[in-house]
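Colleague: Okay, structure incoming, though there's no sequence with it:
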């Protein structure tokens, strides 16, 4: 797990953006490629990232992984799960991808739980809250986290195709961003990546 500080910004990886719901994502993305992307980020920017102990994020990440696995079993949705934690660590909202189920192009797990958390708290501003998600947020979801003013984004697997928290884009640490949340990446990354790889492998059979 790594903490990516907001005070500095790395050179961004360049490449085509492939929507994470596309079969192309599964065809080209494996645990190995996700690990390689993380190593490229970490190895190339010593001083940009800081290695940390596991901290308090494993438990909520495991909850998000369980939600992702349930979504994959019950629908055709890509297995990505998310939870929003209050400042005291309690769960405010939890959910998973619902794009296929709801026929909604915006129903990524992050959007689902940010909406639910705002409704539960009666406030669109999620000050002090942490967004925990099994896959690095895309541009839409990173932008939503910024707009919601979350304090922190914690994610599992890196997304070398469409990640917007350091892999392809770096929206939370963009100097022009109105709000720059702390970002912690790579929490239970192997488990998160394996779940995605298994899902896409089953679809190719």
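Modeller: Received the coordinates, thanks. In this text, all values refer to a predicted model and were calculated from it rather than measured experimentally. Numbers count the residues shown, from 1 in each chain.

Colleague: Residue 127 - how many residues pack around it?
Modeller: Residue 127 has 12 neighbouring residues, counting by other CB atoms under 10 Å. Glycine gets a C-beta too; all of them are placed from N, C-alpha and C.

Colleague: Adjust the sequence numbering to begin at 3 for everything that follows.
Modeller: All set: I'll call the first residue 3, so the last point we hit is now residue 129.

Colleague: Name the nearest residue to it, ignoring sequence neighbours.
Modeller: residue 151 (5.6 Å; CB to CB, 6 or more residues apart in numbering).

Colleague: do the same with residue 89
Modeller: residue 130 (3.6 Å).

Colleague: So, low pLDDT: which residues of this protein?
Modeller: Within the chain, the ranges that satisfy pLDDT under 70 run 3-57, 207.

Colleague: how about a cut-off of 80?
Modeller: Counting by pLDDT under 80, the chain contains low-confidence residues at 3-57, 204-207.

Colleague: Report the contact partners of the spatially most central residue of it.
Modeller: Nearest to the mean C-alpha position of the chain, by CA atoms, centre = their mean, lies residue 138 at 3.0 Å. Residues in contact with residue 138 (CB atoms under 8 Å, 6 or more residues apart in numbering) are 157-161, 165-169, 187.

Colleague: quick check, the residue nearest to residue 89 in a strand?
Modeller: No. Under DSSP: H, G, I helix; E, B strand; the rest coil, residue 130 sits outside any strand and is assigned coil.

Colleague: So what's the residue count around residue 91?
Modeller: 10.

Colleague: before we move on, what about residue 90?
Modeller: 6.

Colleague: any idea how far it is from residue 162?
Modeller: Distance check for residue 90 against residue 162: by CB to CB, to the nearest Å, it reads 34 Å.

Colleague: What residues sit buried inside the helix or strand containing residue 120?
Modeller: Assigned by DSSP states H and E, residue 120 falls within helix 111-123. For helix 111-123, a neighbour-count test (16 or more other CB atoms under 10 Å) marks 111-120, 123 as buried.

Colleague: returning to what we had before: what about the contacts of residue 138, which are in strands?
Modeller: The members of these that map onto strands under DSSP state E are 157-159, 187.

Colleague: Show me which of these is closest to residue 206.
Modeller: Closest to residue 206 out of the ones in strands among the contacts of residue 138 is residue 159 (18.7 Å), distances taken as CB to CB.

Colleague: So for stretch 73-93, first residue to last residue, what's the gap.
Modeller: 19 Å (CA to CA, to the nearest Å).

Colleague: Can you classify residue 205 by secondary structure?
Modeller: Under three-state DSSP, residue 205 comes out as helix.

Colleague: quick one: it from residue 102, how far?
Modeller: 12 Å.

Colleague: all helices for this protein, in order.
Modeller: For the chain, the helices defined by DSSP state H cover 25-30, 33-46, 60-76, 101-104, 111-123, 141-149, 191-206.
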